[in-house]
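K.L.:
Structure for the following, please:
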Amino acid sequence: MLPLEWIQKGLPAEFDGLNDSKLLTLLNARNFSQFTATDALQFAIARIDAETIDTINILQATHEAMNQALARLQPTPDHVWWTACA
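P.N.:
Numbers count the residues shown, from 1 in each chain. Below is the predicted model of the structure:
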């Protein structure tokens, strides 16, 4: 979860250019590590079992997991930026 100020004004200068972790150079990767270590970043993890995936399909299961994870964040975020991890 990012501070509302970052959404309105953009990332602080030290995080400029951090928009895709797969494309980071080593130097930017260090900046990304600093970014993820800040109190600004929160995350939650949700798990959907294989039976549910088979029943509702992988896309719907992904959406369900995202909604479950978002529901665990406090306070509830006003905006969501979703990125897939491979």
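K.L.:
hey, let's count contacts and neighbours off CA atoms from now on
P.N.:
Will do.
K.L.:
which parts of the longest helix along the chain are buried?
P.N.:
The single longest helix within the chain, with elements called by DSSP state H, is helix 58-72. Going by neighbour count (16 or more other Cα atoms under 10 Å), the buried part of helix 58-72 is 61-62, 64-66, 68, 70.
K.L.:
Output the contacting helices and strands for that helix.
P.N.:
Here helix 58-72 touches helix 50-56, going by 3 or more Cα pairs under 8 Å, 6 or more residues apart in numbering; DSSP states H and E.
K.L.:
Which residues does the longest helix of the chain contact?
P.N.:
For helix 58-72, contacts defined as Cα atoms under 8 Å, 6 or more residues apart in numbering pick out 43-48, 52-53, 76-77.
K.L.:
ok, and the helix or strand in the protein with the lowest average confidence?
P.N.:
Within the chain, no helix or strand scores below helix 26-37, which has a mean of 66 by mean pLDDT, DSSP states H and E.
K.L.:
Next one: the nearest residue to Ile53 once chain neighbours are set aside from Leu11, what distance?
P.N.:
Of all residues not flanking Ile53 in the chain, Ala61 sits nearest, at 5.5 Å (Cα to Cα, 6 or more residues apart in numbering). Distance, Ala61 to Leu11, using Cα to Cα, to the nearest Å: 31 Å.
K.L.:
can you count the residues close to Gln8?
P.N.:
8 (other Cα atoms under 10 Å).
K.L.:
cool, Ile48 as well?
P.N.:
Number of residues near Ile48 (other Cα under 10 Å) recorded here: 14.
K.L.:
tell me the contacts of it?
P.N.:
Counting by Cα under 8 Å, 6+ apart, Ile48 has contacts 61-62, 64-65.
K.L.:
same thing but 7 Å
P.N.:
61, 65 (Cα atoms under 7 Å, 6 or more residues apart in numbering).
K.L.:
so how far is Pro75 from it?
P.N.:
23 Å.
K.L.:
Nearest to Leu4, out of the buried residues of helix 58-72: which one, please.
P.N.:
Comparing the buried residues of helix 58-72 against Leu4 with Cα to Cα places Leu70 closest, at 16.4 Å.
K.L.:
Can you name the residues that contact Gly10?
P.N.:
Counting by Cα under 7 Å, 6+ apart, Gly10 has no contacts.
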